[in-house]
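> I'd like to go over a predicted model; first the sequence, then the structure.
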Amino acid sequence: MRKIIVLFLLVVNLTSYAQKNLVVNGGFEMELNNWRGDVAQLSTFDKKAGKASAIITQYTGAEWKAIDQIISIPKNTAAIEFSGWIKSDAIEKGKNAWNTGKFDVEFLNAGEKGIQNENVASVLETTPWTFYKKTIKVPTSASKFRIMLALGQTSGTILFDEIKAIAISQEELNKITEAENASRMPTVISGTFENKPIELTNGTFENGINSWRGTAVTSTTIFKEGKSSLVLNSATFDWTGIDQIADVAQNVTSITISSWLKSDNIQQGKDTWNNGLLNVEFTGNDNQKTSDDQSVTFVTGTTDWTFYTKTFPLPKGTKKYRIMLALGFASGTLYTDDVKVSFQ
């Protein structure tokens, strides 16, 4: 019996260690202890969880204002999952792309010399509490990392809460990679059965971005249906998006695509189509397009949840369709929920 108890405690300890947050006081429950820098204050009335959040404000000027924390990387760590909640108010776009509200990571060697920089989140304008997460492989020569929470030489207000860094072993990373690859592979039934048609799945984003290709986050605080929605955010005028390919049903002549979209300060790029967008691409055999890409809708500015739907006749020879959700060389934030497809 004693051996069983000892073994149980060992398993619990190993599990707790694997999920341990490497960031000390990432929820700012101990004021600003363990964070370096004197530019932040505590906010006890505007926070995501617990008793407080950290707030950095710069009304005028363009100084670098940040707090940071240096942390040792545990042995046998292959990657680190960084995450946190961020809220912003009137953050101005600076002359450089990196002049934003920032959640950055710098990997350091044993002498604390920087060897690699990564961005977890870049935030502009006014945004609600939004969850950001990014898994980053640890560089070979890194033994420490530095988390930086900042206003990167720009004005405005930014709040941080629940900042986390979770160590991931090579075995765990392999499982994550395998799961991601599997979610993007066609589902095929072998044997005496025919190949099963690939259908659009996870249009509600209840399972993160499983089944979708690309990099994005989901929000569990801003959604139209269920418990979560897709969040696409860009501080620069680049292409930021995800997509999913599926099969066209047999013996149909048209397709109807619908979704709920919400936008926050989406700024149009140089072309009229450079906005938040929901597009569809039709392809036939050998992935050749059967028509030009079609738009369900373009979204710009700041809008509440709005339902969009559009029916398209299927071009001759169409075998597959690709749903694209993106900030098409536009900046701002696009929320998406309950993407559906039907055939007639």
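Received, thanks.
> can you give me the helices for the stretch 51-200 of the chain?
Per DSSP state H, counting those that start in this stretch, the stretch 51-200 of the chain carries helices over the ranges 170-184.
> Buried residues in stretch 164-179, which are they?
Within stretch 164-179, the residues that count as buried by 16 or more other CB atoms under 10 Å are 164-168, 172-173. Just so you know, the C-beta spots here come from the backbone N, C-alpha and C atoms, and that holds for glycine as well.
> Return the per-residue confidence for the closest residue to A90 other than its chain neighbours.
Nearest non-adjacent residue to A90, counting by CB to CB, 6 or more residues apart in numbering: G156, 4.8 Å away. With respect to pLDDT, G156 scores 95.
> next one: K196
K196 carries a pLDDT value of 70.
> Quickly list what L278 is bridged to.
T297, L325 (DSSP bridges).
> does it really touch D337, like I thought?
No: at 11.6 Å, L278 does not count as touching D337 under the criterion of CB atoms under 8 Å.
> Quick check: which element contains the closest residue to E29 other than its chain neighbours?
Leaving aside its sequence neighbours, E29 sits nearest to G50 (CB to CB, 6+ apart; 5.1 Å). In the assignment (DSSP states H and E), G50 maps to no helix and no strand.
> how about G226, what does it touch?
Residues in contact with G226 (CB atoms under 8 Å, 6 or more residues apart in numbering) are 204-206, 337-338.
> Which one (most neighbours) among those residues?
F205 (29 neighbours; other CB atoms under 10 Å).
> Need the three-state assignment for that residue.
coil (DSSP: H, G, I helix; E, B strand; the rest coil).
> one step back: where do the contact lists of L278 and D337 overlap?
The contact sets of L278 and D337 overlap at S259 (CB under 8 Å, 6+ apart).
> For the chain, give me the ranges with low pLDDT.
The model of the chain has pLDDT under 70 over residues 1-18, 179-195.
> Could you list the domains of it?
Domain segmentation of the chain under automatic domain parsing yields 21-170, 197-343.
> now the ones you listed as TSV including distance to E178?
Shown next, in TSV, are the domains of the chain (distance: least, CB to CB, whole Å):
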stretch	distance to E178
domain 21-170	12
domain 197-343	13
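> Can you say which of those is nearest to T177?
For T177, the closest of the domains of the chain is domain 21-170, at 9.7 Å, according to CB to CB.
> what about the closest one, distance to the chain center?
15 Å (CA atoms, centre = their mean, to the nearest Å).
> Same check on stretch 250-270?
Worked out by CA atoms, centre = their mean, stretch 250-270 lies 19 Å from the chain centre.
> in it, what's buried?
Here stretch 250-270 shows 255, 257-264, 266-269 as buried, counting by 16+ other CB under 10 Å.
> residues touching the closest residue to T77 other than its chain neighbours, list them.
Nearest non-adjacent residue to T77, counting by CB to CB, 6+ apart: A167, 4.4 Å away. Contact partners of A167, counting by CB under 8 Å, 6+ apart, are 18, 20, 22, 73-74, 77, 80.
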